[in-house]
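Participant: Got a predicted structure here, sequence first:
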Amino acid sequence: MVKLLNFERFLSQRPFRIVFEVVIILVFVSFVLLPPLNLFYTVIADWNGVYSLIFNDDILKNSVWHGILRSISLSFQIAFIVTIIDVIIGIPIAHVLARYDFKGKSLVDTIIDLPLAVPTSALGFSIWLFWSTKDGLSFLWNGDIGIFDKGPMLLILGHVAFSFSYIVRNLKGVIEEVDVGIETAGRTLGGSPISVFRTITAPMAKEGLIAGAVLAFTRSLGETGASIVLSGVFQTAPVQIVSFMDTFRIAQTAFLSLILIIVSITLLVGVRQYARRVGLPQPVIYPTFERKISSKAVVRTRNIFSWMFFIFIVLIPSLFVMIYLFMNFTKNPITGDTTTGALYQVFDAPDRKWNQMRLSLIVSLEVALLVTLINVIIGPPMAFLLVKRKYWGKWRVVLDAAVDIPLVIPSSALGFSVFLLWGGLGLGLTTPGVAMIVLAHLTFTYPFSVRPMISYFENLDEAYYEAGRTLGGSDITTVRKIILPLIKKGIFSSAILTFTRSMSETGATLIVMGSSRSIPVYIIDLVEQEALPAAAFAASMLILISFLLLLLARFINRSDN
Amino acid sequence: MPKIEFLNVTKRYGNIVAVKNLNITINDGEYLSLLGPSGCGKTTTLRMLSGLILPTEGKILWDGQPIQDLQPDERDIGYVFQQFAIFPHMNLWENVAYPLEVKGLSQDEIEKNVEKYLKIVGLENKAHLFPKDVAAADLQRTGVARVLARGAKVLLLDEPFGALDFKIREQFQDELRGIVKELGLTAIHVTHDQSEGMAISDRIGIMKKGKMIQLSTPTDLLFNPRQIFAAHFIGEANFLEGIVVDKLDDQIVVELIGGDTLSVSRNIASFFPGDRVVLGFRKGFAKVLNERISDNNIISGKVISDRYLGEKRRINVKLEYGRSVEIMVLPHEQRHSEGETVNIQILPENMLIYHYPKDGLEKALEVT
């Protein structure tokens, strides 16, 4: 005990502290800032090569550029539509969840979060099954074909399903931050609920609302895993990155990745800088009209519509894969053929899918575990430095925004920039495979281990640390005995988040996996092999794991209060 | 036994000077208060002594040894926080045990000491409770027990009663002073509450804008405040401007703007006829007379209001030439109605006198 205390006192000395801080900051720089910067550098350095391949090819002329333009424009259109749908339908649901108490609210809360537990590749598969196959919605009337083919419509449905819960959660938090007392004041001064929301709540929550909209936009813009299943011949930009990479067209991949990264970071920074100054639609009030649409009947209709939308467009399609698995568990429900049952396909068929499934599950678990472990060690100290150290000065705001970069850039572009930096074309540290998957996952989960800890440290009363020190504890002893116990719930729940995300990531993994397979990627493989019941089996397994982790995280957060 | 000296200590944050050229000596076993408006540098001074922040310039000596660069855990101090900072994940017993554990004591010694100090603050029956389950006063008792257990020779108390109910403060003041004196500790107590400072301290330091204005006993501060600000901040005083017109053997005569004259009999050595001065007198050191019985040190005016202020009464009087003064009297004294003419008598020995400040009177009285 005394030895440990002395050792901690020894390590608390200034030189060690400086080394430690430098290491933590270097990790931050090399995980978050370096990959995109290196990508930028690569494209600029090889601009002539990139130019001739994309704009001025001997045979293709500038048709590659047109292909890129087409995919980017499709991505933008989809993101735009998805954002509008998310925000318009999300606000009423978020408002109800933020402002009203009712029986079973926490259950409803959990159900809203349910789609978050569905990994994107499983989600894409599930959406496709539901809307595009005769086993989906068409099954109800014994149709021969699905309702929508692969393409823009299906992409919109998929992106709404995948982003809706994030947005509702985000908007809920934003609305909760507006003081109810001020809304009440507006109401007692004679404003109808809609007028009050539009002229008081919305302007006060402006920054959050805009940030929520941008989140929806960037998530849709960057979505890869589900889009691969849903896009068919209509490639979105992140899907095009994957297909460029499949044929190892590095210059094209780099160019497209760079465009997407620049767009995403511009949006992120732009919102942080300008959200405050943007005015929401003019504060004129239309008393009669707004009172009319505030009437009980209208509000009830609107709420019912929102919830119906959530249930039938988001919830059921997202989880449909489990229903499908249930119907096809042992045999095909119509033909009764057991060789198309999930059990036969997974365990008994001659190609032994279970072996491959088990291997990819192990890869996923190993990667997720390792990534979680490393990020739990390096993330919270970085959050601590960002919050407590004065040496950042003005850069604090910039670095704070930079933490979120891996969140907003498309995962396939992120995966590519990781490949470019650490792989043979860059530092040559590793080749595509499990090690590179770990590096890519470290990068994109980094914000999950830093962002929540930043607010934990901001809310942590400095006096606890000071008390620990003035009562005779050395720096490290105080951190171990006082600070860590106080933030351990935060660390634990961000660890679960990191683990879940790593388990379900698809886009970046596709780029850096080499010959290894993670379970979400294996699901895509199975779908491509048309072994749908087996794919449903793997997807359901993954959804269950994620869902249990999500519940665990909720439980931990609940006991926090 | 510690004697603490600040030698030319300055603390700057960028361009802002929080503490400027501070020179004070704190004697062993002394209970010292630092008093002043918020932002005056009193907490900064305390934190520099604790090691939580380091001075920009100057030395802090502990029995002659410089300590200004030592870490907080290397100094024999105990810091008591305004918001208690009782570790929420430990019960009261564990909170008191913390400083003993980080010192590396054996389990036996820890237990013995924790019991002892919990008993001193009267918490032996609440040891198993967690911070969220005890009252604010008990949290602060834990805060005190915790620093005692650390073996601190010097207690640094940062507004320790600031978050406690008014009623419990006075009781706690006696309790705390008792503990400090009984254990022979030195205490430095930061507060902005003058009555708390007066009640608990051996000496009080009045600070303003990073500078020590006056460091002396409560009595001295009350009767001989050396600067206008000290007179203004401790107790309550009226200030009037005038010019010295005559100097006698044992008193000088000042003519106020407007014509009344007042005599002053103490601290007058540096004043001569023609000097522009500020006269002051404590609101409670004046008498209100109905009739002008003598000409000696009387100013007269009309009553504007006469109101109860807790257990006292405050009479607001407008003097003939426009300025107004306030007088504190006991509740049972004669009441005065609005508009009534009254005479206020202040004895020459109760008058305070100052040279007219360079930046004007208003500036000298500014609290921020």
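Facilitator: Cool, got the structure.

Participant: what does stretch B:158-170 contact?
Facilitator: B:43, B:46-47, B:79-84, B:136-137, B:140, B:143-144, B:172-173, B:176, B:189-193, B:196, B:199 (C-beta atoms under 8 Å, 6 or more residues apart in numbering or on different chains). To be clear about C-beta, it is placed using only N, CA and C from the backbone, and glycine gets the same treatment.

Participant: For that stretch, give the mean pLDDT please.
Facilitator: Averaged across stretch B:158-170, the pLDDT comes to 88.

Participant: The longest helix seen in chain B: which residues count as buried?
Facilitator: Looking across chain B with DSSP state H, the single longest helix is helix B:166-182. Neighbour counts using 16 or more other C-beta atoms under 10 Å in any protein chain shown place B:Arg169, B:Phe172, B:Gln173, B:Glu175, B:Leu176, B:Arg177, B:Ile179, B:Val180 of helix B:166-182 among the buried residues.

Participant: right, and out of those, which lies closest to A:Ser192?
Facilitator: Closest approach to A:Ser192 among the buried residues of helix B:166-182 (C-beta to C-beta): B:Arg169, at 49.2 Å.

Participant: hmm, back to that, can you redo the buried residues of helix B:166-182 as TSV with distance to A:Ile487?
Facilitator: Compiled in TSV, these are given as follows (distance: C-beta to C-beta, whole Å):
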residue	distance to A:Ile487
B:Arg169	33
B:Phe172	32
B:Gln173	36
B:Glu175	34
B:Leu176	32
B:Arg177	37
B:Ile179	34
B:Val180	35
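
Participant: which ones are touching the closest residue to chain A within the stretch 151-300 of chain B?
Facilitator: Among the residues of the stretch 151-300 of chain B, B:Leu156 lies closest to chain A, at 7.7 Å counting by C-beta to the nearest C-beta. Shown in contact with B:Leu156 (C-beta under 8 Å, 6+ apart): A:Thr470, B:Leu46, B:Leu49, B:Ser50, B:Ile77, B:Gly78, B:Tyr79, B:Val80, B:Ala187, B:Ile188, B:Val190.

Participant: does it count as helix, strand or coil?
Facilitator: Of the three states, B:Leu156 takes strand according to DSSP: H, G, I helix; E, B strand; the rest coil.

Participant: now it: how far from B:Ser33?
Facilitator: Note on B:Leu156: its distance to B:Ser33, by C-beta to C-beta, to the nearest Å, is 12 Å.

Participant: any common contacting residues for the two?
Facilitator: Overlap of the contact sets of B:Leu156 and B:Ser33 (by C-beta under 8 Å, 6+ apart) consists of B:Ile188, B:Val190.

Participant: mind checking how far whatever residue of the stretch 51-200 of chain A ends up closest to chain B is from A:Met308?
Facilitator: Chain B sits closest to A:Ser106 of the stretch 51-200 of chain A, with a gap of 22.9 Å, by C-beta to the nearest C-beta. For A:Ser106, the distance to A:Met308 (C-beta to C-beta) stands at 21 Å.

Participant: same question, A:Arg17
Facilitator: According to C-beta to C-beta, A:Arg17 stands 57 Å off from A:Met308.

Participant: quick revisit: could I get the contacts of B:Leu156 as TSV with distance to A:Thr266?
Facilitator: Formatted as TSV, the contacts of B:Leu156 follow (distance: C-beta to C-beta, whole Å):
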residue	distance to A:Thr266
A:Thr470	47
B:Leu46	48
B:Leu49	50
B:Ser50	47
B:Ile77	52
B:Gly78	53
B:Tyr79	48
B:Val80	51
B:Ala187	58
B:Ile188	54
B:Val190	49
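
Participant: any residues touching stretch A:337-357, and which ones?
Facilitator: Outside stretch A:337-357, the residues that touch it by C-beta under 8 Å, 6+ apart are A:325, A:328-332, A:517, A:519, A:522, A:526, A:531, A:533-534, A:536-538.

Participant: Mind doing that once more with 7 Å?
Facilitator: For stretch A:337-357, the surrounding residues in contact (C-beta atoms under 7 Å, 6 or more residues apart in numbering or on different chains) are A:325, A:328-332, A:522, A:531, A:533-534, A:536-538.

Participant: cool, and stretch A:366-382?
Facilitator: So stretch A:366-382 is contacted by A:24, A:27-28, A:434, A:437-438, A:441-442, A:445-446, A:449-450, A:453, A:491, A:495, A:498-499, A:502-503, A:518 (C-beta under 7 Å, 6+ apart).

Participant: which of the residues in that stretch are buried?
Facilitator: A:367-368, A:370-372, A:374-376, A:378-382.

Participant: now stretch B:139-157
Facilitator: Residues of stretch B:139-157 classed as buried: B:139-150, B:152-157 (neighbour count, 16+ other C-beta under 10 Å).

Participant: which residue ranges form the helices in the stretch 401-550 of chain A?
Facilitator: A:405-408, A:411-422, A:434-459, A:462-470, A:475-478, A:484-504, A:507-512, A:519-528, A:532-558 (DSSP state H, counting those that start in this stretch).

Participant: closest one to chain B among the ones you listed?
Facilitator: helix A:462-470 (3.7 Å).

Participant: now for that closest one, which elements pack on it?
Facilitator: Using 3 or more C-beta pairs under 7 Å, 6 or more residues apart in numbering or on different chains; DSSP states H and E, the elements in contact with helix A:462-470 are helix A:475-478, strand B:77-80.

Participant: How confident was the prediction at A:Ala297?
Facilitator: For A:Ala297, the pLDDT comes out at 84.

Participant: now do the same end-to-end measure for stretch B:263-278.
Facilitator: 13 Å (C-alpha to C-alpha, to the nearest Å).

Participant: buried set for that stretch?
Facilitator: Judged by neighbour count using 16+ other C-beta under 10 Å, the buried positions of stretch B:263-278 are B:Ser263, B:Val264, B:Ser265, B:Ile268, B:Phe271, B:Asp275, B:Val277, B:Val278.

Participant: Assign a three-state SS to B:Gly259, would you?
Facilitator: Secondary structure state of B:Gly259, per three-state DSSP, is coil.

Participant: Next one: the residue nearest to it when sequence neighbours are not counted from B:Ile257, what distance?
Facilitator: Once flanking residues are discounted, B:Gly259 sits nearest to B:Tyr321: 6.7 Å by C-beta to C-beta, 6 or more residues apart in numbering or on different chains. Per C-beta to C-beta, B:Tyr321 is found 7 Å from B:Ile257.

Participant: What does B:Trp62 show for phi and psi?
Facilitator: Phi and psi for B:Trp62, reported as degrees, to the nearest 10, are phi -120, psi 110.

Participant: same check, this time on the one 5 residues further on
Facilitator: With angles defined as degrees, to the nearest 10, B:Ile67 shows backbone torsions of phi -120, psi 0.

Participant: Tell me how many other residues crowd it.
Facilitator: Per other C-beta atoms under 10 Å in any protein chain shown, the neighbour tally for B:Ile67 reads 18.

Participant: Distance check, it against B:Pro99.
Facilitator: Here B:Ile67 is placed at a distance of 19 Å from B:Pro99 (C-beta to C-beta).

Participant: which SS class is B:Cys129?
Facilitator: Let me fix one detail, which is that residue B:129 is Leu and not Cys. Following three-state DSSP, B:Leu129 is assigned to coil.

Participant: who's the residue of the stretch 151-300 of chain B closest to chain A bridged to?
Facilitator: For B:Leu156, the beta-bridge partners under DSSP bridges are B:Tyr79, B:Ile188.

Participant: Show me which residues of chain A sit near chain B.
Facilitator: A:1-2, A:5, A:461, A:463-464, A:466-467, A:469-474, A:477, A:481-482, A:485-486 (C-beta under 7 Å from any C-beta of the partner chain).
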